[in-house]
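[1] Pasted the sequence and its predicted model underneath.
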Amino acid sequence: MWHYENQLRKQGYRIIAGIDEAGRGPLAGPVVAVSTILPENCQIEGLRDSKKLTEKKRDQLYEIISEKAISIGIGIVFEETIDQINILQATKMAMVESVSKLKCAPDFLLIDGNQNLNSNIPQRAVIKGDTLSASIASASIIAKVTRDRIMKHSHKMHPQYGFSKHKGYGTREHLENIIKFGPSKIHRKTFKGVKEYCG
């Protein structure tokens, strides 16, 4: 999990931020991006892609990462902006925002996926980076837990949609509730499965 970070340190880079997001696919709620800077060779047992972890394990790792990380930056772009600029651009916006929230400026960015960011900081996109880089994996976990907590809070305001269970993803139950109740103010109005029911 430290292959990319170790390579970069051999090239002289010292402050390496891993970046990942949560929430590109859901029909409701924001997209959340996180940048994390970990100490060199920081050992966090069980660190891996957030999607391969149970909710309980993610919560545990969230606390450990928050304690051990040199810095964590969080960027959030909400559904109204997602509808205005599309989810890809909103994700990039959230990622750039997350970098700006770091308390120390990174000298290299490792980004999950295949997209580069509009930034002067040297960077590398890593496909399946959340399984290959400790920095990206830690960002993945912080992003997933942060977004899930936002959706659980949204459930209190809109309980009829079941956000606490599916977190806004297009499950059968969720789609049936959109048909029954119509879209809420946090639904992404341009997404298939929602836009059909917008007045």
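    Perfect, thanks for sending it.
[2] End to end on stretch 108-128, go ahead and measure it.
    18 Å (CA to CA, to the nearest Å).
[3] So for it, what gets flagged as buried?
    Within stretch 108-128, the residues that count as buried by 16 or more other CB atoms under 10 Å are 108-113, 117, 123, 126. Yep, even glycine has a C-beta here, placed from its N, CA and C like the rest.
[4] Over to stretch 62-75?
    Within stretch 62-75, the residues that count as buried by 16+ other CB under 10 Å are 62, 64-65, 69-75.
[5] returning to that earlier point: between all of the buried residues of stretch 108-128, which two are separated the most?
    By the measure CB to CB, 108 and 113 form the most distant pair in the buried residues of stretch 108-128, at 16.3 Å.
[6] Show me what the most centrally placed residue in the chain bridges to in the sheet.
    Centre of the chain computed as the mean C-alpha position; nearest residue by CA atoms, centre = their mean is residue 21, 2.2 Å away. Beta bridges link residue 21 to residue 33 when assigned by DSSP bridges.
[7] Surely it and residue 30 touch.
    No - the criterion here is CB atoms under 8 Å, and residue 21 misses it with residue 30 at 10.2 Å.
[8] Do I have it right that residue 2 meets residue 134?
    Yes - using CB under 8 Å, residue 2 is in contact with residue 134, at 5.5 Å.
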